[in-house]
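[1] Sharing a model that was predicted from the sequence below.
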Amino acid sequence: MMNTNMRTTKTMTANSENKENQANKLQPESMTFEAKSVEAALDMAAELWKVKPEDIDATVIDDGKRLFGLLGKKMKVRVSTTAPIMYLQARDFAASILAQSELSLAATLENDNAISIDGNDSAIVIGRHGETLKAFEFLTNLIYRTDQSTPKIRFDCAGYRAHREESLIHLAKGVAREVMQKHSPVSLEPMSSWERRIIHLALQDNKEIVTSSEGEEPLRKIVVYPSEHTERHRTFPRRRSRSG
């Protein structure tokens with residue numbers, strides 16, 4: 001029964017780290033304008049949504065012409081953003097910061113809505129252990145992610161996230177070995193929810209250890225416990241850390 005409870009709790013913590021990526025996913029904005037031209041409709045939508053006209057698609061649903069091709073009224077144009085507004089605005093914000101910094105870098109929005117930064121000065125943006133990139137991401141979320149139930153704005157730079165994931169998996173396995181050898185908990189450095197989730201998933205099948213997310217953002221961290229800790233302490237803190 002205890003092993004089953006531990007596996008259930010472990011799964012719940014890993015899932016909670018991923019809840020922001022599954023709940024209330026943002027969708028592109030869409031509405032209909034009456035305008036003299038498609039270009040005018042695009043300009044109106046861009047002004048309303050505070051995005052660039054090139055980030056908006058347009059479809060004419062009524063060309064406004066009467067019989068014999070005579071222009072009778074304004075046309076109706078259905079417009080929609082190419083991605084959720086929050087991500088488009090965040091990308092433009094990142095691009096403006098990079099331009100002001102005079103760095104040889106460009107910001108683009110990927111299909112998964114991650115903001116990718118690439119160029120000759122990538123190392124400057126990544127910083128030591130990715131701290132500069134994390135700070136950039138944190139600031140952007142602070143400004144544009146006004147609804148905390150929506151997924152966070154994610155940044156990547158020159159493939160840093162893939163390299164970081166490999167590093168975290170290696171770290172997780174090393175810490176697990178240490179915990180099993182010493183039979184005592186080990187605390188990791190504070191990490192983002194994305195990084196914590198990688199640690200949880202990397203160790204979720206190891207029955208000899210249990211992972212727990214503890215503390216408050218931005219200092220929230222993972223503590224890895226030996227499984228026997230749950231047998232000695234039935235009020236194991238992991239049960240209180242279901243928020244991710």
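    Yep, that arrived. Residues are numbered from 1 along each chain as shown.
[2] Check the offset of the lengthiest helix in the chain from the chain's centre.
    The helix spanning the most residues in the chain, taking DSSP state H as the definition, is helix 160-182. From the chain centre to the centre of helix 160-182 is a distance of 22 Å (CA atoms, centre = their mean, to the nearest Å).
[3] got a list of what the closest residue to residue 89 other than its chain neighbours touches?
    Nearest residue to residue 89 in three dimensions, chain neighbours excluded: residue 144, at 5.6 Å (CB to CB, 6 or more residues apart in numbering). Heads up, the C-betas are built off the backbone N, CA and C, glycines and all. Neighbouring residues of residue 144 by CB atoms under 8 Å, 6 or more residues apart in numbering: 86, 89, 90, 93, 153.
[4] how about a cut-off of 6 Å?
    By CB atoms under 6 Å, 6 or more residues apart in numbering, the contact set of residue 144 is 86, 89, 90.
[5] Residue 153 now?
    By CB under 6 Å, 6+ apart, the residues touching residue 153 are 90, 140, 141, 145.
[6] do residue 142 as well
    So residue 142 contacts nothing (CB under 6 Å, 6+ apart).
[7] Assign a three-state SS to it, would you?
    helix (DSSP: H, G, I helix; E, B strand; the rest coil).
[8] Would you mind measuring from residue 129 to residue 163?
    According to CB to CB, to the nearest Å, residue 129 stands 11 Å off from residue 163.
[9] before we move on, what about residue 190?
    In terms of CB to CB, residue 190 sits 19 Å off from residue 163.
[10] who has more neighbours, the two?
    Taking neighbours as other CB atoms under 10 Å, residue 190 and residue 163 compare with residue 190 leading, 15 against 12.
[11] Would you map the helices across this structure?
    Secondary structure of the chain (DSSP H): helices at 2-17, 38-49, 85-100, 122-126, 131-144, 160-182, 193-203, 228-232.
[12] Kindly reformat these as TSV and extend each row with mean pLDDT.
    As requested, the helices of the chain are exported to TSV (pLDDT from 0 to 100):
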stretch	mean pLDDT
helix 2-17	47
helix 38-49	95
helix 85-100	95
helix 122-126	92
helix 131-144	92
helix 160-182	95
helix 193-203	93
helix 228-232	66
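[13] hey, which of those helices is tucked in deepest?
    Mean neighbours per residue, mean count of other CB atoms under 10 Å, is largest over the helices of the chain for helix 193-203, with a mean of 21.
[14] ok so, going back, let me know the angle separating the longest helix of the chain from helix 193-203.
    50 degrees (axes from the mean of the first three to the mean of the last three CA atoms, to 10 degrees).
[15] still on that earlier bit, so can I have TSV of the helices of the chain showing distance to residue 209?
    Below are those laid out as TSV (distance: least, CB to CB, whole Å):
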stretch	distance to residue 209
helix 2-17	9
helix 38-49	47
helix 85-100	36
helix 122-126	30
helix 131-144	26
helix 160-182	5
helix 193-203	6
helix 228-232	9
